[in-house]
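Engineer: no FASTA, just this:
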């Protein structure tokens with residue numbers, strides 16, 4: 001279950017304690033103005049943390065601790081260009097410049113510094129999504145959050161003082177070097193490092209980047225220098241043009257981070273900003289369509305992908321996603337044309353494309369073709385587990401082909417691989433029902449409803465099981481939940497609601513339900529017969 005709130009109402013340390021005590025696994029995302037950070041948890045312990053658009057400081061940490069020189073780091077960065085699938089740390093280890101243990105120790109420091117920086121955010125929002133884990137390429141650690149709270153609290157207190165003199169990171173300061181020389185004071189190491197870069201042009205952010213010091217260390221050093229009268233504020237850095245490459249990438253990075261952590265409205269906002277700054281950008285529409293699909297806004301997603309498909313050099317993935325949205329909208333011919341175009345552009349062996357072809361064959365009623373295409377698509381995933389959509393269609397094809405054992409096997413594997421895919425539990429319930437396993441079917445519906453109470457088909461199935469067993473009050477409640485979620489769910493739902501109303505002698509309500517059912521399926525002779533009988537009796 002998601003945990004959301006405002007940092008004004010609950011401090012970040014309080015949230016971390018809550019997640020630690022609950023031994024939660026997932027991602028806590030935190031927003032503050034235009035900043036976005038996230039902390040991953042594994043059974044209540046911090047596994048990874050990062051702040052979007054904050055320069056990766058692992059290399060700086062390695063230089064600061066003397067493990068590598070700047071020249072060695074730059075050489076490793078140059079070598080990384082030829083191995084895009086390799087992390088910088090792996091290259092440094094392979095070159096013998098650092099040991100694996102030394103690298104992991106600095107990654108741990110990097111993660112701790114990110115958490116400490118997030119502690120300083122007193123405004124904004126937080127959102128926790130369960131069972132989301134870091135990317136495969138990220139080094140993960142295991143840190144007890146409570147071990148960071150004391151140091152974090154100290155830094156928060158100090159930041160409260162620092163922010164009175166440095167309210168924002170775009171301030172520019174000038175150094176009074178003569179006054180420092182005359183005072184004959186002893187500077188700290190951080191202050192000595194910093195004064196070499198204070199030139200009346202760099203803002204605080206630039207000083208952090210240039211000095212290889214953390215934001216906190218720079219803030220402390222500047223605060224002391226200002227308090228002693230050695231620094232004077234001379235202005236702020238010039239705002240970047242709204243169409244600068246850096247600003248575009250900032251919006252893009254935020255959009256991707258919001259998307260990965262389930263903050264879809266925020267993601268839509270950032271990707272739209274990218275397209276406003278760069279109308280010809282191809283990446284932003286692709287991600288925008290993904291977000292709209294996750295929100296279930298299929299017509300809007302289709303419009304985005306249709307427009308993207310018209311651009312010069314549109315990627316095959318655009319046509320794949322366009323086909324998927326069109327299939328959901330019932331535009332099967334146009335969906336197949338989009339898939340054919342994806343194949344022409346080199347995507348013929350992508351498992352997603354073959355899965356979509358199988359889905360369209362199912363829609364067309366060609367069960368044998370769908371079963372064969374979907375079975376062949378399985379091998380294209382290789383060692384990776386197929387996504388929920390493949391299990392959904394493959395299980396459905398097997399069931400419609402009459403192979404209920406294989407359908408059960410596929411859907412059971414699907415729910416094991418994707419335990420939060422409510423639709424798979426719904427399909428498994430339908431197969432169990434066809435096999436006469438009423439108790440199993442009811443259990444699967446209950447599990448699916450727990451994962452996604454907004455899926456109307458699950459409530460309909462729950463109502464069907466209650467209806468068959470004569471539990472009409474329970475059936476009516478379930479059917480009403482289903483129709484509230486989807487008023488056009490199906491004529492059979494309104495037919496059964498009408499039957500229950502009629503049993504209760506609520507004739508007028510029964511007639512309304514049967515009329516609604518007839519609107520959805522005008523050819524249903526039983527419903528028409530019921531209506532004629534009631535009207536004659538009236």
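Structural biologist: Perfect, thanks for sending it. This one's a predicted model, so the numbers in the text were calculated from it and none came from an experiment.

Engineer: show me where the stretch 1-150 of the chain has helices.
Structural biologist: 12-21, 58-64, 70-80, 88-94, 100-119, 146-165 (DSSP state H, counting those that start in this stretch).

Engineer: just checking, what packs against the strand or helix carrying residue 464?
Structural biologist: Element membership for residue 464 (DSSP states H and E) is helix 456-468. Using 3 or more CB pairs under 8 Å, 6 or more residues apart in numbering; DSSP states H and E, the elements in contact with helix 456-468 are helix 422-434, helix 438-451, helix 472-485, helix 491-503. No exception for glycine: its C-beta is placed from N, CA and C like everyone else's.

Engineer: hmm, try it at 6 Å
Structural biologist: Judged by 3 or more CB pairs under 6 Å, 6 or more residues apart in numbering; DSSP states H and E, helix 456-468 is in contact with helix 422-434, helix 438-451, helix 472-485.

Engineer: Which of those sits closest to residue 33?
Structural biologist: Closest approach to residue 33 among the helices and strands packed on helix 456-468 is made by helix 438-451 (34.1 Å; CB to CB).

Engineer: Check whether residue 174 sits in a helix, strand or coil.
Structural biologist: State at residue 174, reduced to three classes by DSSP: H, G, I helix; E, B strand; the rest coil: strand.

Engineer: how close does residue 521 get to residue 235?
Structural biologist: Distance of residue 521 to residue 235, given as CB to CB, to the nearest Å: 71 Å.

Engineer: Then residue 255?
Structural biologist: 31 Å.

Engineer: same thing with residue 407?
Structural biologist: When distance is defined by CB to CB, residue 407 is 69 Å away from residue 235.

Engineer: Have a look at these two and say which one is more surrounded.
Structural biologist: Set residue 407 next to residue 235 and count neighbours by other CB atoms under 10 Å: residue 407 wins out with 25 against 13.

Engineer: right, and that one touches residue 395 too?
Structural biologist: Yes: with contact defined as CB atoms under 6 Å, residue 407 counts as touching residue 395 (5.0 Å).

Engineer: Quick one: residues contacting the nearest residue to residue 425 once chain neighbours are set aside.
Structural biologist: In this structure, residue 425 finds its nearest non-sequential neighbour in residue 448, 3.2 Å apart by CB to CB, 6 or more residues apart in numbering. Residue 448 sits next to 422, 425-426, 458 when contact means CB atoms under 6 Å, 6 or more residues apart in numbering.

Engineer: buried subset of these?
Structural biologist: 422, 425-426, 458 (16 or more other CB atoms under 10 Å).

Engineer: how about a markdown table for the residues you listed, with distance to residue 193 added?
Structural biologist: Formatted as a markdown table, the buried ones among the contacts of residue 448 follow (distance: CB to CB, whole Å):
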| residue | distance to residue 193 |
| --- | --- |
| 422 | 55 |
| 425 | 58 |
| 426 | 61 |
| 458 | 60 |
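
Engineer: so what's the residue nearest to residue 447 when sequence neighbours are not counted up against?
Structural biologist: Leaving aside its sequence neighbours, residue 447 sits nearest to residue 425 (CB to CB, 6+ apart; 5.0 Å). Neighbouring residues of residue 425 by CB under 6 Å, 6+ apart: 415, 444, 447-448.
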